[in-house]
Structures are given as C-alpha cells and as structure tokens.
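# Sequence isn't available, so here's the structure alone:
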C-alpha cells in the first residue's frame, strides 16, 4: 500500500481543543491510519516511512508539524499553525517475546508493552486487563493518548510511584525524513538489538536525552511508539469522606505521615491521596479522596457512578463546567449547590485502575490550572488561595494531589521527594483567568517556588520558565538540538515554545550544559 494513502488530508483549516477553550488556525489536519494488512509490525514500519515522508514535505514547504493526541490540553503547546497529524487511528499494541527484550533488563518480558502513539489510556487499560496487567498510574481523563499524556507530564496521585512519564522506558521517535531512533536510558536498557533492528531504527542509549524527551509536547520529533513498564493487575479500594479543616489535616497534607490519620484504615499508607476544598463550605470539612491498593480478585462489585454520572475517579473538571453562569453575589451559593449535588461521598468502592478512572468526556466549559509545589509549602499555598478567594470570589474549587518526583527533565512534578499538585478548577470566564493571574503573582511575591502543568492553563514567559527550571531548561534545549536533525528543528517548533522561551536559534550553536 502506498504510504501516502495512510495519511489523509481532511481540508480542515481550524482546530479546537477538547475543552473548547481556544481555536487554532492551521494549514491542514491529517488523519492517520495503519494499513491493516494483517501484519502488525509491517504496518507499523510502513507508517514510520509515511511519517518520514510528511516531515520531508514539511521541510520542503517550510511548514511546522504537530502530532495530535486526544486534544485534552488547555494550552497551545500541543498545537501548531502548520500541519496537525491526528494519531488516534494509530493504536496497535505489541507484547514482547524474550528475544525482543535486552538481556540486561532487570524485569520480565511480560512487564513490557510496546504501544503505538495513538492508543488512549482507556484502550490500554482494557487491553491490559485481559492480560491481567495494569498501568502503574494514570490521570483522571482517560481519553488522552498515551504519548499526549506522557508528553505533558500528566499525573495521578501515586506518591510512591510518580506520573505517566515515569512508567515509560523506551521511545521510538522519527526525528527527520531519513532517520528514526530507538531511545532508552543507558542505565536501564529494555530493547534487544533484534527489536531495534525489526523497527529499522537507530539505537541511542542516553539517560539525559531520554529524560529530556519524555516531557517534550511534540517538539522532539514524532514519537511513533512507546515502551511501557506495567505491573500485575490490582484493585483500588476507594473512599470519599469529609475531614475537618484543622491543624491535624494541615499536618497530614504537609507531611504525608498517615500515623493516626482520620482515614478509613488509619496508619495504612494509601496509593492515592487528595484533599479538595470548597472555599464556600470550609465548616463542612475538606473532601478527602483516598485509595488503597488491593490484591486482584474477581469477586467484587464493579464501581458505580453517582446520580450525576460521575465515577469515583472523576476530578473537579468533570463537573465544575456545569457552573455555566455565575452572577454577582451568587458565586458561593452556586458552587455549594454544584459540589453538593455532584461530589457525593462514598466508601469501599472497588475496581481496577481502568474502572475507577473512566472519564473520556467533558461537561461544560471549564478552566483548569495546576501547579507543582514542595511539601513544605502546602499549608502556605492553601492559606494563600483562601485569602485570595476572599478578594476575588473564585467560582471553583481547590484540590491537592501528591505525586512522587519525576525523572523527566521538564516534568512539572519535579519537587523531591514528593510534589504536591495544586489544582484550581473553575468556571470558564475572564474572572477565573484573572484569579489565576493573581495566584501566580502572589506566589512569586511570597517567593514560593512553583511549576505549571504543561497541559493546563498557565502564564509563562522566558524569565518565569528559567526561574522554574534553571539549568534543567538549558539541558532540555541542548538535548533537543542533539536529537533532532537540523532541518527538522523548525518543523517541530511552534509559536508557544518561542513565546515561552523553549527554543534556541536554529542556526546557533546549542547552549552548553
């Protein structure tokens, strides 16, 4: 089959993200499909050639390219005014034989799964369950593609493990019209020479390059496939309860010391911990979402959605968008009504990761921002948010999740040993956007270090970015220049990267690390 027929121009000149918060003018949108010959590996390799051809055409036409995943990002970092390649049809998965795995790999072949870029988290959860395997973590919105979720640093609340990039152990990246690479850590080899040869790829084992490419929002080339490290299937025992907003809760949130914690299993350390605050109902206590990891068995009742159609794993963006209009003086009343109706308490819900976190849709327009902070700043940030809310009357809620620090160079969950992710989810409005700006300004005034979630609402510039990442930023830019072909650099650069300070002049020498 000619490779040109695998990538089809749709004629679309505009693209809108999943949350309908912005519209992007584009050169064109292309749909991508595997050939479907019955030989999955041959079809995969044919698509690699087709991707190389698209890069060649983009270079010749002086157009930029971006791989399009599920479209869940609130920012333009994953878009381009050039050509967007819809990857949702690229959803082949490969299990690994012992011969495809490096003899130096410390795990077992069944731990590994090679997934094409367009696989959604939902699709992977369904496939892995049949194999009695599971992802190590995921976000709440499982319509995201695996590469899209990885590339923006999507997180869950697994504070003993990390975010989605942290279970990726191999990357197959098309970096130019005549070159594609298999990239993995030198310190953690996974692929055998036979597998790399079957992909017709160039092997690169480099920890720094790999860590930089993990969170790179489509700017390190076209990531065609990823190697996932999975684990044996497990269940999550889930609870949502309310806990008084007092000094004891502050201590728990700032230390994650669960000794004598007012939780369903006392001292037992959970898999997932989140505290959500409705600033208009603090007297009723914070909402605590707590999940414990349990051994898998089949004798359990699947989790049930509440009356609003929300699953136990849904986060605030799943319902806060229903707060469509907020009139002056009604903010607190309406937030209380919505949270009370949507965010129901529950106990002892059991399910697999894919059954607990099922959201693949949106309900109304919402603005969602998230920042990473260190544990020792949690209480100060909580108090700062409540103080600002007294002034601005934010039409939304605040949540605090916890994620083990990532090894990804520009992963926003970079605070060690555990990053607290502060989520601000509010109604789509200029007032919400102004509140976000007030928060960022106040954090800087108080000299509280923070990072932005790459896929959510943020306000970045070169100075702020440098303050957030320091030498990590220089290392990331240098890695991008090292990995990409020279002619491919402008193809995988978009205006948002240039505005934020993520680029270096194409013809200049790469920055020194």
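Cool, the structure landed. Fair warning: this is a prediction, and the values are worked out from it, not measured in the lab. Numbers count the residues shown, from 1 in each chain.
# Now residue 178: closest residue in space that isn't a chain neighbour?
residue 52 (6.8 Å; CB to CB, 6 or more residues apart in numbering). (C-beta placed from N, C-alpha, C; glycine too.)
# and what of residue 433?
residue 367 (6.5 Å).
# How about residue 425?
residue 316 (3.8 Å).
# next one: residue 504
Spatially, and ignoring its direct neighbours in sequence, residue 504 is nearest to residue 477 (5.0 Å; CB to CB, 6+ apart).
# got it, and residue 23?
In space, residue 23 is closest to residue 16, 4.9 Å off (CB to CB, 6+ apart).
# what does residue 215 give?
Nearest non-adjacent residue to residue 215 (CB to CB, 6+ apart): residue 408, at 4.3 Å.
# likewise residue 460?
Residue 460 sits nearest to residue 500 (CB to CB, 6+ apart), 4.3 Å away.
# just checking, that neighbour touches residue 466?
No. Shown here, residue 500 and residue 466 do not form a contact pair, counting by CB atoms under 8 Å, at 10.3 Å.
# of the two, who's got more company?
Between residue 500 and residue 466, residue 500 has the larger neighbour count (other CB atoms under 10 Å), namely 19 against 14.
# quick one: low-confidence ranges for the stretch 251-400 of the chain?
307-309, 324-329, 360-364 (pLDDT under 70).
# Which parts of it are helices?
Assigned by DSSP state H, counting those that start in this stretch, the stretch 251-400 of the chain shows helices spanning 317-320, 331-342, 353-356, 378-392.
# Adding mean neighbour count and distance to residue 33, write the ones you listed out as a markdown table.
What follows is the helices of the stretch 251-400 of the chain, written out as a markdown table (neighbours: other CB atoms under 10 Å; distance: least, CB to CB, whole Å):
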| stretch | mean neighbour count | distance to residue 33 |
| --- | --- | --- |
| helix 317-320 | 24 | 30 |
| helix 331-342 | 17 | 38 |
| helix 353-356 | 23 | 25 |
| helix 378-392 | 16 | 46 |
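# Need those in JSON lines (columns: distance to residue 165).
Output for the helices of the stretch 251-400 of the chain, formatted as JSON lines (distance: least, CB to CB, whole Å):
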{"stretch": "helix 317-320", "distance to residue 165": "21"}
{"stretch": "helix 331-342", "distance to residue 165": "30"}
{"stretch": "helix 353-356", "distance to residue 165": "17"}
{"stretch": "helix 378-392", "distance to residue 165": "23"}
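# and of those helices, who's closest to residue 277?
Each of those was scored for nearness to residue 277 using CB to CB, and the closest is helix 378-392 (7.2 Å).
# Now do the helix or strand of the chain with the lowest mean pLDDT: which elements does it pack against?
Lowest by mean pLDDT, DSSP states H and E among the helices and strands of the chain is helix 317-320, with a mean of 74. When contacts are defined as 3 or more CB pairs under 8 Å, 6 or more residues apart in numbering; DSSP states H and E, helix 317-320 packs onto helix 331-342, strand 366-374, strand 418-427.
# quick one: secondary structure of residue 42?
Secondary structure state of residue 42, per DSSP: H, G, I helix; E, B strand; the rest coil, is helix.
# how much space between it and residue 316?
Distance, residue 42 to residue 316, using CB to CB, to the nearest Å: 45 Å.
# between the two, which one's more packed in?
residue 316 (25 against 13).
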